[in-house]
Every structure is written in structure tokens, then in C-alpha cells.
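In: Here is my input, please return the structure:
(one chain, ligands or ions: 1)
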Amino acid sequence: MARYAHITGWGMATPKKVLSNFELEKIVETSNEWIVSRTGIQERRIASEIETPASLAVQAALRALEVANVHPSQVDLIIVATSSPEHIFPATACIVQDQIGAKRAGAFDLSAACTGFIYALEVASSIIRSGAADTIVVIGTETLSRFVDWQDRNTCILFGDGAGAFVLQASEEPGGILAGVLRSDGSGAELLTLPSGAGRYPFGQTIVQNGQPYIRMNGREVFRFATRVMAQSTLEVVQKAKLTLQEVGWIVPHQANQRIIETAAKNLNLPVDKFISNIHRYGNTSTASIPIATCEAIQEGKLKPGDYVVFVGFGAGLTWGATLVRWGGPFTTKRKRIFGRRHRWLSRLRSRFLRWWRRIEGFLWGKNAA
Ligand code: ACO
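Out: Residues are numbered from 1 along each chain as shown. Coordinates of the predicted model:
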């Protein structure tokens with residue numbers, strides 16, 4: 001019996017605090033006009049002291065599980081893609097596992113910079129297709145604002161914080177994730193780095209003096225690389241799925257720069273409105289940008305069951321990749337999962353409990369902050 005990995009749930013969480021370009025003008029020598037015309041970004045979200053990669057991931061995961069109508073105890077595996085983990089160890093995924101109550105799930109973090117969510121989707125769908133797991137939560141979560149040099153106008157204007165999550169479930173019904181392409185080129189490692197705080201440059205006074213705790217980027221070279229690989233990997237994944245570009249309904253690209261998205265559209269000879277973009281609101285949220293853009297596209301009624309959707313990203317490493325999905329939505333009685341079918345009353349009770357639990361959690365966090 002063939003097994004397919006369907007995306008049946010999605011959720012996002014972003015910090016409340018908004019940092020506009022006008023506020024950035026007061027921090028560093030830049031202007032709203034320059035940032036909008038060179039990147040398309042108008043504002044980004046910045047995590048408060050009590051918001052962390054794990055707390056944002058927990059909110060996004062619970063929302064995704066609610067959409068999928070899956071109880072945390074049914075989750076087999078949690079994969080957190082992140083470039084700004086809670087710690088070097090333990091994995092952020094383990095903290096999420098505990099806080100959402102996924103009692104029988106394995107959990108690990110995956111590091112492929114901004115391409116991390118694409119890598120995680122490919123790993124999760126392969127595990128589901130192999131039969132080793134039925135239900136996997138894939139999360140992208142970031143608080144990169146904590147690793148940005150607020151004196152460096154080349155980078156501090158770009159990044160924002162947030163989290164997005166998908167629930168992937170096994171089904172014998174054809175569809176879901178149909179093809180994936182993963183690529184890397186470590187010879188470009190120096191182009192985009194966050195060098196310190198790990199084995200090569202352990203955290204210490206010299207690191208601080210040398211300005212190494214922060215993201216460093218060769219913007220022009222990364223831009224050149226990004227425009228090349230976005231179009232290339234989109235084409236590759238479409239061919240791998242034996243489809244044509246014309247059959248693709250939507251492309252959800254990594255939100256790094258509106259000009260990169262427009263160049264990819266031009267290189268593929270596609271109208272730019274086929275590309276989902278919300279970069280003006282969130283900036284570059286790294287691994288979280290693709291699931292956040294997907295959640296908003298669904299809210300706006302763009303992604304419909306049956307649509308072919310390409311997720312495509314690039315990032316430090318260098319890494320890049322793409323995933324092609326036949327969009328389905330949550331399982332209904334018609335679209336059954338292989339395992340874990342439940343009664344409707346039990347599902348409603350679970351949803352109510354999750355809502356109630358989140359309210360208590362929000363109250364407790366508020367109390368801690370005070
Ligand atoms: N405000 C005003 N002027 C600025 C700013 C700023 N924020 N930043 C740079 N400039 C200046 C530069 O100093 C330069 O001045 P000069 O000509 O006097 O030297 C001029 O503007 C042009 O600089 P460029 O670097 O050529 O600007 P560019 O048009 O390339 O835009 C940018 C810079 C936005 C960083 C662009 O190169 C880019 O988006 N690159 C890709 C970045 C990216 O996608 N990174 C994320 C990768 S994903 C991951 O793994 C994290």
C-alpha cells in the first residue's frame with residue numbers, strides 16, 4: 001500500500017512588538033525609502049524578553065494541531081528547523097515536545113539556515129512515506145533579532161522574529177508532498193555567517209571585542225546566489241513531479257527580499273502575483289518565513305484543495321531547495337488518515353481543551369512577565 005505525506009494543519013505565531021522602518025531610522029543611518037525600495041520590507045516583529053524560539057514554536061504548533069484536529073499525544077515526531085535555537089543543547093524541539101504534551105514523540109532540531117523548513121519537510125515526508133511515523137509536526141522558529149548587530153545597516157533592516165508550523169500525516173490517498181529538491185554549496189559558507197558561541201569560536205571576551213556574536217553577510221553575493229537558485233530549484237522540483245510550471249497554482253518563496261522574489265518570477269517567466277509575499281509585514285524570519293506566508297495565504301483564501309504549490313528557499317551554508325505539494329487541507333471523514341481515526345465528539349472536546357489550555361498559558365506568561 002502506497003503511503004503519502006499530507007499537510008493537514010498549519011499555524012503561526014509572531015511577537016506583538018512591531019519595529020517599523022521609521023523607528024529603525026532612529027537606530028541606524030538608513031531611511032524608510034531606501035529599505036522599501038531595496039527590500040520591500042516596511043516593518044518586522046521583535047520578540048519581547050519572555051518570547052523565545054520555543055515559546056513561539058509552541059504557539060504555532062498548537063494552532064497547527066488544532067487545525068489538523070490532532071491531539072499532541074498522537075504526534076510521533078517533532079522537527080524544529082531553526083537558525084536561532086533556544087540553546088546549543090538541548091534541542092528546541094525537546095522543549096516544544098514537553099510544553100505541548102507530545103508524550104510519545106521523538107524530537108530533534110535541524111540546521112540548514114533559512115532553507116531549514118524545506119529540509120525539514122523533505123525529512124518528515126520521507127519518514128512518513130517509509131512507514132516509520134504517521135504524524136509529524138514540522139516547525140520553523142526564530143528570534144534572529146537577538147543575533148543582529150543593530151549598528152550594521154546591511155543586516156539589521158532585514159530580519160524579524162516569528163514561528164510557523166505544519167502537521168504532516170500519513171494517508172493512502174495520493175497527494176500531499178510529491179517531490180523535493182535539496183542542495184548545498186559549502187564553498188559559499190563565508191558569505192553569510194553567525195560565527196560565534198559554538199565550537200570554532202566559543203563565546204568569550206575576544207568574540208565580543210571582534211564583533212563576532214552577530215550575523216555577518218555579503219549582501220550582494222547572497223543576492224546573486226539567491227536569484228539564481230530560486231528559479232533553478234523551482235524548475236527542478238516541478239520537473240521531478242512530472243508537472244509543468246503552468247500547472248503550479250502558487251509559489252511560496254522564502255521571504256528575504258521582494259526584489260529576489262520579483263527576479264525569480266521574471267527568470268521563470270511567471271506573473272509575480274503567483275508568488276505569495278508578506279515580506280512587507282515581517283521581514284526575513286528565516287526558517288519561519290515559508291510557513292508564516294502559507295498561513296496568511298490560506299487566511300486570504302488563496303491556497304485551495306487540489307492546487308499544486310511550490311515551497312522554495314535558500315540560505316546560509318549555502319543551502320537551497322524546493323518542495324512540491326498537492327494541497328489538500330485537514331483530513332475529513334472523506335479523506336481518512338491511515339491510523340488514529342477518532343469520534344467527532346472527542347475531537348471537539350480536544351479542540352476546546354487546547355483553547356482553554358492556551359488561555360491559561362497566556363495568563364501564566366503574563367504573570368511571569370509582571
Ligand atoms: N540604508 C541605507 N543605505 C544602505 C543600507 C541601508 N540599510 N544598507 C546598505 N546601504 C548602502 C551601502 O552602504 C551602499 O552604499 P555605497 O554604494 O556608498 O557603498 C549602497 O547602499 C548599496 O549597497 P548594496 O549592498 O549594493 O545594496 P543592495 O541593493 O545589494 O541591497 C541588500 C542590500 C538589501 C542586503 C541586498 O543585497 C540583499 O537583500 N541581499 C540578500 C540578503 C539575503 O537574502 N539574506 C538572507 C539570506 S537567508 C539566511 O540564511 C539568513
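In: just the helices in the protein please.
Out: Ranges of helices within the chain are 21-24, 32-39, 53-68, 92-100, 116-130, 205-209, 219-240, 258-268, 279-282, 289-299, 344-369, based on DSSP state H.
In: Adding mean pLDDT, distance to the ligand and mean neighbour count, write those helices out as a markdown table.
Out: Every C-beta, even on glycine, is put in place using the N, C-alpha and C of the backbone. Putting the helices of the chain into a markdown table (pLDDT from 0 to 100; distance: least, Cβ to the nearest ligand atom, whole Å; neighbours: other Cβ atoms under 10 Å) gives the following:
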| stretch | mean pLDDT | distance to the ligand | mean neighbour count |
| --- | --- | --- | --- |
| helix 21-24 | 98 | 8 | 16 |
| helix 32-39 | 98 | 4 | 16 |
| helix 53-68 | 97 | 15 | 26 |
| helix 92-100 | 98 | 17 | 23 |
| helix 116-130 | 98 | 9 | 24 |
| helix 205-209 | 68 | 20 | 11 |
| helix 219-240 | 97 | 3 | 19 |
| helix 258-268 | 97 | 6 | 19 |
| helix 279-282 | 98 | 10 | 21 |
| helix 289-299 | 98 | 9 | 23 |
| helix 344-369 | 63 | 28 | 12 |
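In: Now tabulate the ones you listed in TSV and tack on distance to Ala316.
Out: Listed next are those as TSV, based on distance: least, Cβ to Cβ, whole Å:
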stretch	distance to Ala316
helix 21-24	23
helix 32-39	18
helix 53-68	17
helix 92-100	18
helix 116-130	10
helix 205-209	18
helix 219-240	8
helix 258-268	15
helix 279-282	18
helix 289-299	14
helix 344-369	31
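In: Of all those, which one is nearest Ile177?
Out: helix 116-130 (3.9 Å; Cβ to Cβ).
In: quick one: the closest one to helix 219-240, angle?
Out: 20 degrees (axes from the mean of the first three to the mean of the last three Cα atoms, to 10 degrees).
In: List the contacts of helix 116-130.
Out: 3-5, 77, 79-83, 110, 112, 133-134, 136, 138-140, 164, 166, 168-170, 176-177, 180, 182, 286-291, 311-313, 315, 319, 321-323 (Cβ atoms under 8 Å, 6 or more residues apart in numbering).
In: can you give me the angle it makes with helix 289-299?
Out: Using the same axes, to 10 degrees: helix 116-130 against helix 289-299 is 80 degrees.
In: Around the ligand, which positions in the stretch 51-200 of the chain sit nearby?
Out: 113-114, 153-154, 157, 192 (Cβ under 6 Å from any ligand atom).
In: Can I get the buried part of those as one PyMOL selection?
Out: Typed into PyMOL, the next command selects the buried ones out of those (criterion: 16 or more other Cβ atoms under 10 Å):
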select buried, resi 113+114+153+157+192
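In: Would you point out the most distant pair within the residues of the stretch 51-200 of the chain next to the ligand?
Out: For those, and using Cβ to Cβ, no pair is farther apart than Ala113 and Arg153, which are 21.3 Å apart.
In: What's the end-to-end length of stretch 157-165?
Out: From its first residue to its last, stretch 157-165 covers 25 Å (Cα to Cα, to the nearest Å).
In: same question but for stretch 272-288, I mixed them up
Out: 21 Å.
In: For that stretch, buried residues please.
Out: For stretch 272-288, a neighbour-count test (16+ other Cβ under 10 Å) marks 275-279, 281-288 as buried.
In: Stretch 191-203 now?
Out: 191-192, 194-196.
In: Nearest to Ile41, out of those: which one, please.
Out: Nearest to Ile41 among those, with distances taken as Cβ to Cβ, is Leu192, at 17.4 Å.
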